[in-house]
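after the sequence you'll find the predicted model.
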Amino acid sequence: MYNIQSNKIKLISILLIVSGFICFGLDIFLGSVKIPLNEIISILTGGSAKKESWEIIILNARLPKAVAAILCGAALSVCGLQMQTLFRNPLAGPYILGISSGAGLGVAIFIMGLSFLGISSFGLTGNSGIIIASILGSLGVLAILLSIINRLKDIMTVLILGIMIGSVITAIIGIIQFFSQDAQLKSFILWTMGDLSAVTKSELYILTPIVIIGVVLSFLITKTLNAYLLGESYAKSLGVNIKRSQFYIILITSILTGSITAYCGPIGFIGIVIPHLARMLSNSSDHRVLIPLSVLLGINILLLADIISQLPGLEQNLPINSITSLIGIPFIIWIILKNKKIKNLN
């Protein structure tokens, strides 16, 4: 029985790897400018193209966007899995602790609040300013959470505080929006819709190692995550340091979530939906299986969402957040209907 289950997981993983390569190729191939497939292959393999503009489009626009989709899908999926395990709640996601709200506040202040307060942009403009503001905002919330986690005995209190912090920040952002000008408000709204194309090639050199390190660290704490499935008392009996583990899980999740939000904007539902898909496909609760499977599923789903967002006939790409919402909301409704009473994960 174990061999059958193991072979099933291996087959699913292979199929996801193959489909991931296909989606990656389609994501680079599709776009408003039609570029022959042989030219794309030549550019990606280090050759030259007939038109210099094609090379610029592939290397500076489509390739970074596709890589950003891979990083974003992997990071948010792992974050969602960890949050659902830590809080033993099937609807927990990477944004539940208010980290993304903190990032949103930083961006709101940068885009809309600085002129309202009569403060200059400190020489920062465009995407670089948004990224720095977002990181500072998310780090601010993270600092608050980490400063109180060791003082609290119940991890659920941390969850409630995170939700409350997010609500307060949302209210503050609403006030800033009320006093902002139309152009500033439009810029902020566009940021909240998520934009994978905002990530430049040079920024990927920063985002890529952060995501890789975060995912690797998540895999290294699979024993702790597995122990959490049977409750804190069981985890303690296995020698798990509860406070330290909670600290590490929240730190890893927050850094990954904050980084993705800073560079790509808040992209919803991936972190909630993907872990459930991984459990359904694998019929397993072992994080040694769920983490790599969640990474592969997250990559596939976000690449697919990006492909859908740029279907032929559209003058502009659809907001990535709208696509992930359309994919995720029906699934969440199904989860709620399946679990009429939201129960702890077993």
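Done, it's in.

show me where the stretch 101-250 of the chain has helices.
Ranges of helices in the stretch 101-250 of the chain, per DSSP state H, counting those that start in this stretch, are 114-117, 126-149, 155-179, 182-192, 201-220, 222-228, 232-237, 242-264.

switch the ones you listed over to JSON lines; also include distance to residue 271, mean pLDDT and mean neighbour count.
For glycine as for every other residue, the C-beta is placed from the backbone atoms N, C-alpha and C. JSON lines is the format used below for those (distance: least, Cβ to Cβ, whole Å; pLDDT from 0 to 100; neighbours: other Cβ atoms under 10 Å):
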{"stretch": "helix 114-117", "distance to residue 271": "30", "mean pLDDT": "58", "mean neighbour count": "14"}
{"stretch": "helix 126-149", "distance to residue 271": "15", "mean pLDDT": "82", "mean neighbour count": "18"}
{"stretch": "helix 155-179", "distance to residue 271": "14", "mean pLDDT": "87", "mean neighbour count": "15"}
{"stretch": "helix 182-192", "distance to residue 271": "16", "mean pLDDT": "85", "mean neighbour count": "15"}
{"stretch": "helix 201-220", "distance to residue 271": "13", "mean pLDDT": "93", "mean neighbour count": "16"}
{"stretch": "helix 222-228", "distance to residue 271": "15", "mean pLDDT": "90", "mean neighbour count": "20"}
{"stretch": "helix 232-237", "distance to residue 271": "23", "mean pLDDT": "82", "mean neighbour count": "13"}
{"stretch": "helix 242-264", "distance to residue 271": "8", "mean pLDDT": "88", "mean neighbour count": "23"}
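
minimum distance to residue 54: which of those has it?
Residue 54 lies closest to helix 201-220 among the helices of the stretch 101-250 of the chain, at 15.9 Å (Cβ to Cβ).

now what about that closest one, what contacts it?
59-60, 63-64, 67-68, 71, 74-75, 78, 82, 127, 131, 199, 248, 252, 255-256, 259-260, 263, 288, 291-292, 295 (Cβ atoms under 8 Å, 6 or more residues apart in numbering).

mind doing that once more with 6 Å?
Residues outside helix 201-220 that contact it (Cβ atoms under 6 Å, 6 or more residues apart in numbering): 64, 67, 71, 74, 75, 78, 252, 256, 259, 263, 291.

re the thing from before, residue 34 is nearest to which of the helices of the stretch 101-250 of the chain?
Of all the helices of the stretch 101-250 of the chain, helix 201-220 comes closest under Cβ to Cβ, at 22.3 Å.

and that closest one with helix 126-149, angle?
Counting by axes from the mean of the first three to the mean of the last three Cα atoms, to 10 degrees, helix 201-220 points 20 degrees away from the direction of helix 126-149.

gap between helix 201-220 and the chain center?
In terms of Cα atoms, centre = their mean, to the nearest Å, the centre of helix 201-220 is found 12 Å from the chain centre.

repeat that for stretch 303-315.
19 Å.

flag every buried residue along it.
303, 304, 305, 306, 307, 308, 309, 310 (16 or more other Cβ atoms under 10 Å).

output that stretch as PDB, nothing but the C-alphas.
Provided in PDB are the C-alpha atoms of stretch 303-315 (Å, rounded to 0.1, in the frame of the first residue of the first chain):
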ATOM      1  CA  LEU A 303       1.900  30.400 -14.300                       C
ATOM      2  CA  LEU A 304      -1.500  29.400 -15.600                       C
ATOM      3  CA  ALA A 305      -3.100  32.500 -14.000                       C
ATOM      4  CA  ASP A 306      -0.500  34.600 -15.800                       C
ATOM      5  CA  ILE A 307      -1.200  32.900 -19.100                       C
ATOM      6  CA  ILE A 308      -5.000  33.500 -18.700                       C
ATOM      7  CA  SER A 309      -4.300  37.200 -17.900                       C
ATOM      8  CA  GLN A 310      -2.700  37.800 -21.300                       C
ATOM      9  CA  LEU A 311      -5.000  35.800 -23.600                       C
ATOM     10  CA  PRO A 312      -5.100  36.900 -27.200                       C
ATOM     11  CA  GLY A 313      -7.600  39.700 -28.000                       C
ATOM     12  CA  LEU A 314      -7.000  41.600 -24.700                       C
ATOM     13  CA  GLU A 315      -5.600  45.100 -25.100                       C
END
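
which outside residues touch that stretch?
23, 26, 27, 30, 69, 196, 317, 318, 320, 323, 324.

what does stretch 66-82 give?
Contacts of stretch 66-82 (Cβ under 6 Å, 6+ apart): 24, 27-28, 93-94, 196, 199, 204, 207, 211, 215, 218, 249, 253, 256-257, 260, 264, 270-272, 274-275, 290, 294-295, 298-299, 302-303, 306.
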